[in-house]
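Sharing a model prediction with you, sequence too.
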Amino acid sequence: MFARPTTCRDRPALVALDPVRYNGAMAGCRHLPDDLSPPPPSDWAGCTSCIAAGRRDWVHLRECQACGLVGCCDSSPAQHATAHARRTPDHPLVRSMEPGENWWYCYDDDRAFELVAAPPAPTRTA
Ligand SMILES: [Zn+2]
Ligand SMILES: [Zn+2]
Ligand SMILES: [Zn+2]
């Protein structure tokens, strides 16, 4: 079942999360890698940049699908996930690390989507 995230306002601030399940090329994102497995997260405990800065005030976590950097969402004060994508234009894809959320978001294509039969997103358990 597609779960529309309700506690975080970041990706739909750009475009409404599309409730339709896509597959492969129909996702509307030009950046999906051949291997959809998420890279190893830089941290399981939280936002790597927040932890480095000595803060723990993030709300939700996103994982960069190019390098595995864990960043905080746009409802978090520091908004590190978006900052990473802006600073690193060839890293436009993130996945949610929130339990029960499997969606991707592409900053460059401004699309949020789920994919049928894709590997599960890395899920933060702590
Ligand atoms: Zn894309
Ligand atoms: Zn952060
Ligand atoms: Zn990255």
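Right, received. Where do you want to start? Ligands and ions are numbered 1, 2, ... in the order given.

What distance do you get for residue 81 to residue 120?
In this view, residue 81 and residue 120 are 19 Å apart by CB to CB, to the nearest Å. In short, each C-beta sits where N, CA and C put it, glycine included.

Between these two, tell me which one has more neighbours.
residue 81 (30 against 9; other CB atoms under 10 Å).

So which residues on the protein come close to ligand 2?
By CB under 5 Å from the ion, the part of the chain that sits against ligand 2 consists of 47, 49-50, 58, 72, 78, 80.

which pair in those spans the largest distance?
Of all pairs drawn from these, the one with the longest distance (CB to CB) is 49 and 58, at 9.3 Å.

Quick check: neighbours shared by these two?
Shared contacts of residue 49 and residue 58 (CB atoms under 8 Å, 6 or more residues apart in numbering): 72, 78, 80.

Just put those in TSV and tack on secondary structure and neighbour count.
Putting those into TSV (DSSP: H, G, I helix; E, B strand; the rest coil; neighbours: other CB atoms under 10 Å) gives the following:
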residue	secondary structure	neighbour count
72	strand	28
78	coil	18
80	helix	25
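
can you list the residues you listed in JSON lines and add pLDDT and distance to residue 66?
Formatted as JSON lines, the shared contacts of residue 49 and residue 58 follow (pLDDT from 0 to 100; distance: CB to CB, whole Å):
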{"residue": "72", "pLDDT": "96", "distance to residue 66": "17"}
{"residue": "78", "pLDDT": "96", "distance to residue 66": "20"}
{"residue": "80", "pLDDT": "97", "distance to residue 66": "15"}
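
Go through those residues and name the one nearest ligand 3.
Of all the shared contacts of residue 49 and residue 58, residue 80 has the smallest distance to ligand 3: 10.9 Å, by CB to the ion.

Just give the nearest non-adjacent residue to that closest one, would you?
When the adjacent residues along the chain are set aside, residue 80 lies closest to residue 71, with 3.8 Å between them (CB to CB, 6 or more residues apart in numbering).

Can you say which helix or strand has that neighbour in it?
Taking DSSP states H and E as the criterion, the element that holds residue 71 is strand 70-72.
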